[in-house]
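1. one predicted model, sequence on top.
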Amino acid sequence: MKNNSLKKITRIALVFCGCALVVSLFVPLWSIYLTAPQYPEGLAMYLWPNKITGEYEIINGLNHYIGMKTIHPDDFWEFKVLPYALGFFAFLCFLTAFLNRKIWLYLTLVLFLIFGVAFMVDFWLWEYDYGHNLDPTAPIIVPGMSYQPPLIGFKQLLNFGAYSYPNIGGGIMFGVALILAILAFIEYRKPKQSEL
Amino acid sequence: MKSLKFFGLGSVMALLLLSGCKPKGTETAVTGDAAERVYVAPGKYDEFYNFVSGGFNGQVNVYGLPSGRLLKVLPVFSVNPENGYGYSEETKPMLQTSHGFIPWDDQHHLSLSQTNGEVDGRWLFANANNTPRVARLDLKTFKTVEILEIPNSAGNHSSPFLTENTEYVVAGTRFAVPMDDENGDVPIESFKSNFKGVLSFIGIDKQSGDMDLSFQIEAPGINFDLSHAGKKKSGDWFFFSCYNSEKANTLLEVNASQNDKDFIMAVNWKKAAELVKAGKGRKVVTEYAHNKFDESTHTATSTMKKEVIVLSVEDMKDAMFMIPCPKSPHGCDIDPTGEYIVGSGKLAALIPVFSFDKMIKAIADKNFAGEFDGVKVIKYEAALHGEVQKPGLGPLHTEFDGKGNAYTSMFVSSEVVKWNIKDLKVLDRQPTFYSVGHLMIPGGDSAKPFGKYLVAYNKITKDRYLPTGPELAQSAQLYDISGDKMKLLLDYPTFGEPHYAQALPAEMLKDQVKFFRIEDNKHPYATKGEAESKVVREGNKVHVYMTSIRSHFAPDNIEGIRVGDEVLFHVTNLEQDWDIPHGFAIKGAENAELLIMPGETCTLKWIPKKPGMYPMYCTDFCSALHQEMQGYVRVSPAGSNTPLIYSLNNKKDNAQSPVKAGETK
């Protein structure tokens, strides 16, 4: 029975993860940053759990040359789900700390990893559609060219250099996943130690 | 006269001796690392913005220092076909005056707004010399936002100089004229009795910068040349240089040069403002235009004002004094401490420097030499700090480096002379090429000069640049004044005839508008999205609600316009991005094109005279598809029944109905 309960440090870390996830509701998750010769100052776009900010209107204007779809916050079903999902995981972290059971920690970790992978897959699919589903009547058509932005990292798209990287919220998501994994690992090893 | 000649010859001799037996060739004027000092590498910015008057082109030019590169020409008093200023329906009211639409002027002096005597980077004031006006430019947008006409005046020359906290901008008349409420149809012979020299004090709103003609002073009928407000201890005072104390009215080059001394007039503006508050002064019926540009509607309005309060010499008896100043003083410059008043007698062979403390003491001691038309004249010696001896020939203007030195431009001897304000010793002199008028040190007429550079603005440029026919460019010359000796670094041609200039450190203007937010556009004919584009006929007026965005107009084709229609293209630039203006031009337009800033709405009036197809297009290369940014207007004969239709160059809208019907009201 005792072996099923969590270390104090684990519970503190879980509360910390929960708080961090609450914070992630109010900060940008992801940044996409574009530079081009005529945009030395760069164009930035920020994905929040519930909205897009930054210069996406300008990016929309530019993208019409190559026939990319324009970005409108209303078109994303994700914005309706993401805040609840993050809130749910924050709640799950608090709940696990409260219930003080290893099984809940493992459950939280697995669910969060599934969520994280799903999030990345969904993001990649959106980027794929955005970069490949081009208007056949676009003014500029470069044979074989697609404009899928990178998931993480840098990619040159014609005259634009596109950078994509997690912002604070994305960092929190990675961080929480990592902490949960470490906690699960520590808790998994603990009973073996006590048997010695 | 004898002494003048002697001094003049003496100066020339001194110059020759200084520069060897033969005058130096201009090619040796620049040596050492001058090129390096003025080179601003690609991607680097200049240190200073330099605003230079455009003279007879009525504009203001913006240069970068130390590179001398022309960055922008700002239209102020002149129509500007480059961007439609004065041609668009929104900006036409800016050039309205009591004499009607005046699309040009003679722009001489500039003043940067000040706080505590230091330039603050909010506004730039400009004068129109010919049809008296004062303009205010907003340094967030670099646009002319206000123009105020000055009544009872002619030749608004001693203008627009500012008090140290931008409380007032002054406009002193150069030409004495009869007052507006008196009959101006008088013989010139009656000059002495009928002509007045009016000084105008324009109050400036602390927050908005809006101007309002607070009061005028009806001074004697002499010519006011230049002025400067005092600062710090002399901050309540304004000083004006005057010429033609002879009150001559013909052959002035001789007749106005007879008196050995003219005057510097000292006016206590704070007392004058109190007198007005106390109900002194008479209301003079007149007419003057007040034009304001509203940056939210992108539209100017012109209001005609009908009266002004005028203080008389009698009202001002304890607040206005004359200081005698040798022969036709031109510049009237106050040093950064506010103690010294430098009068440049342009026909004198010396520079008189007056002391503010001595002036105040002389007034207290009633140390007067008499009266001039009811204004008390302080004794010359009583106000004099001292005279700079043998400074050169034709002193015009003086600026300061903030380190106790003054720099005076010498028109006749074509040089800049550096001298010490306290002991009045000449420290250095450098030739200019040639006939220098004004000179400018960034902040050099303020309490805090940035005494690194000096720019001389020259009238004659023979042998400086590639010749361009009978008319040559005017020139500016940049000197390094950071050391003991001035060092010529660069000369560069200027646009228009530069008179005065102002400059400030570039970092003071960091906070500029990059584009106008479309949500904030309150223009009554703004079209805030392509879906709102439409064509509306009201009788023979046709309003086209048009948008521009890379790379098309909406509508792009219009049919149903008739000969004689008044077509008003209200073009809204939908871009919300820095440096993406769009142009708009149509064949046969008699006024100009438009250049519309992002988020702005501008209106071009066009009255077609012949039936036919009229192309319209974007004039500012905006994108790879700029050349495709075009459309047509079909014009039918007057009285035709061609239906009013338009298309939107927009697939979504055209999919539903490729052609839309215009409204008729």
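-> Arrived safely, thanks for sending. What you see is a predicted model, and the numbers here were worked out from it, not measured in a lab.
2. list the buried residues for stretch B:104-120?
-> B:104-114, B:117-120 (16 or more other C-beta atoms under 10 Å in any protein chain shown). (C-beta placed from N, C-alpha, C; glycine too.)
3. and what of stretch B:406-426?
-> Quick answer for stretch B:406-426 (16+ other C-beta under 10 Å): B:406-419, B:421, B:424, B:426.
4. tell me which helix or strand comes right after the longest helix along chain A.
-> Secondary structure of chain A per DSSP state H: the longest helix is helix A:102-132. Heading C-terminal from helix A:102-132, the first helix or strand you meet, by DSSP states H and E, is strand A:153-157.
5. partners of that following strand in the sheet?
-> Take DSSP bridges as the rule and strand A:153-157 pairs in its sheet with strand A:160-166 (antiparallel).
6. pull the CA atoms of the partner strand into PDB?
-> The C-alpha coordinates for strand A:160-166 follow below in PDB (Å, rounded to 0.1, in the frame of the first residue of the first chain):
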ATOM      1  CA  PHE A 160      11.300  33.800 -47.000                       C
ATOM      2  CA  GLY A 161      13.200  32.200 -44.300                       C
ATOM      3  CA  ALA A 162      10.700  30.500 -41.900                       C
ATOM      4  CA  TYR A 163      11.500  29.800 -38.300                       C
ATOM      5  CA  SER A 164       9.200  27.800 -36.100                       C
ATOM      6  CA  TYR A 165       9.800  27.200 -32.400                       C
ATOM      7  CA  PRO A 166       7.900  26.800 -29.200                       C
END
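7. what's the angle from that strand to helix A:102-132?
-> With axes from the mean of the first three to the mean of the last three C-alpha atoms, to 10 degrees defining the directions, strand A:160-166 sits at 170 degrees from helix A:102-132.
8. what comes into contact with strand A:160-166?
-> Residues external to strand A:160-166 that are found in contact with it (C-beta atoms under 8 Å, 6 or more residues apart in numbering or on different chains): A:29-36, A:149-156, A:173-174.
9. same check on stretch B:172-183?
-> B:129, B:132, B:150-159, B:184, B:186, B:191, B:194-200, B:218, B:220-225, B:227, B:240, B:247, B:284-287, B:310.
10. so what's the residue count around the closest residue to chain B within chain A?
-> Relative to chain B, the nearest point of chain A is residue A:58 (4.9 Å; C-beta to the nearest C-beta). By other C-beta atoms under 10 Å in any protein chain shown, 19 other residues sit near residue A:58.
11. now residue B:518
-> 21.
12. go on, residue A:21?
-> 25.
13. put the buried members of the contacts of strand A:160-166 into a PyMOL selection.
-> Those of the contacts of strand A:160-166 that count as buried under 16+ other C-beta under 10 Å are selected in PyMOL with:
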select buried, chain A and resi 29+30+31+32+33+34+35+149+150+173
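14. confirm the residue of chain A closest to chain B sits in a strand?
-> No - using DSSP: H, G, I helix; E, B strand; the rest coil, the assignment for residue A:58 is helix, not a strand.
15. out of everything not next to it in sequence, what's closest to it?
-> In space, and not counting its chain neighbours, residue A:58 is closest to residue B:577: 4.9 Å by C-beta to C-beta, 6 or more residues apart in numbering or on different chains.
16. residue A:92 and residue A:110 touch, don't they?
-> No - the pair residue A:92 / residue A:110 is not scored as a contact, 11.0 Å apart, by C-beta atoms under 8 Å.
17. neighbour-wise, which of these two wins?
-> residue A:92 (21 against 12).
18. the strand of greatest length in chain A - contacts with which helices or strands?
-> Counting residues, the longest strand in chain A under DSSP state E turns out to be strand A:39-47. Counting contacts by 3 or more C-beta pairs under 8 Å, 6 or more residues apart in numbering or on different chains; DSSP states H and E, strand A:39-47 is packed against strand A:30-36, strand A:52-54, helix A:56-63.
19. where's that strand relative to the chain centroid, distance-wise?
-> Relative to its chain's centre, strand A:39-47 lies at 19 Å (C-alpha atoms, centre = their mean, to the nearest Å).
20. and chain A, which of its residues are near chain B?
-> For chain A, the contact set with chain B under C-beta under 8 Å from any C-beta of the partner chain comprises A:41, A:55, A:57, A:58, A:61, A:65, A:137, A:139, A:140.
21. now do the contacts for the second one.
-> To tie it back to what came earlier, the one meant is residue A:55. A:43, A:44, A:45, B:577.
22. what do you get for the fifth one?
-> Neighbouring residues of residue A:61 by C-beta under 8 Å, 6+ apart: B:549, B:550, B:575, B:577.
23. could I get the full set of strands for the stretch 451-600 of chain B?
-> Taking DSSP state E, counting those that start in this stretch as the criterion, the stretch 451-600 of chain B contains strands spanning B:453-458, B:474-480, B:487-494, B:501-505, B:534-538, B:541-549, B:552-554, B:557-562, B:566-573, B:582-586, B:594-596.
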